[in-house]
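Participant: take this sequence and fold it.
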Amino acid sequence: MMISTKGRYALRVMIDLAQNNDKGYVSLTSISKRQEISLKYLEAIIAMLNRAGYVKSLRGVNGGYKLTRDPGAYSVGEILRLTEGGLTLVACMSCNNLAKCNRSNDCLTLPLWSQLDNFINGYLDSISLIDILNQDYKKDYQLEF
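Facilitator: Residues are numbered from 1 along each chain as shown. This next block holds a predicted model:
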């Protein structure tokens, strides 16, 4: 699995909005400058975040974007799953492919991929935007089976 620039940039946008959450609406131009991401690329990313209800927009001179929830209510996992279309490591672990796979009942590696998938998603879901801002995600993550 490799997180694309879209996923990484979406996370940076959400962190930027969380950092500026108390300032009201934040212009995409200011985010573009701070994050050194092209405005055109940010427009596509923010549209996806807006459609999903993660951000809201306001048009006009004092317009821009802001989070719809408290920054602590967003997990890294949900942001990456939205922008990446999922976070599965192997194709057979996606919902559609697992149902179609005629080897799933006899596959000896399926539990391995399933546990790894659960670990990655659990880890990313355990980290919120606030955790990133406070650098609290650097705590040890305990793997539970």
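Participant: for the spatially closest residue to Leu28 that is not a sequence neighbour, give me its contacts.
Facilitator: Spatial nearest neighbour of Leu28, excluding adjacent residues (Cβ to Cβ, 6 or more residues apart in numbering): Leu42 at 5.5 Å. C-beta coordinates here come from the backbone N, C-alpha and C atoms, glycine included. With contacts defined as Cβ atoms under 8 Å, 6 or more residues apart in numbering, the neighbours of Leu42 are Tyr9, Val13, Leu28, Ile31, Ser32, Gln35.
Participant: quick one: contacts for the third one?
Facilitator: Read that as Leu28. When contacts are counted by Cβ under 8 Å, 6+ apart, Leu28 touches Leu39, Leu42, Glu43, Ile46, Gly64, Tyr65.
Participant: out of those residues, which sit inside helices?
Facilitator: Among the contacts of Leu28, the subset assigned to helices under DSSP state H consists of Leu39, Leu42, Glu43, Ile46.
Participant: circling back: now the contacts of Leu28: which count as buried?
Facilitator: Neighbour counting by 16 or more other Cβ atoms under 10 Å classes Leu42, Ile46, Gly64, Tyr65 among the contacts of Leu28 as buried.
Participant: could you identify the most distant pair in those residues?
Facilitator: In the buried ones among the contacts of Leu28, the most distant members under the criterion Cβ to Cβ are Leu42 and Gly64, with 11.6 Å between them.
Participant: so is the residue of the chain most remote from its centre in a helix, a strand, or just coil?
Facilitator: Residue farthest from the centre of the chain, counting by Cα atoms, centre = their mean, is Asp106 at 33.2 Å. Classification of Asp106 by DSSP: H, G, I helix; E, B strand; the rest coil places it in coil.
Participant: give the buried subset of the contacts of Leu42 as a PyMOL selection command.
Facilitator: Here is the PyMOL command that selects the buried residues among those (16+ other Cβ under 10 Å):
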select buried, resi 9+13+28+31+32
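Participant: mind checking which of the contacts of Leu42 are in helices?
Facilitator: Among the contacts of Leu42, the residues falling in helices (DSSP H) are Tyr9, Val13, Leu28, Ile31, Ser32, Gln35.
Participant: no further queries at this time; thank you.
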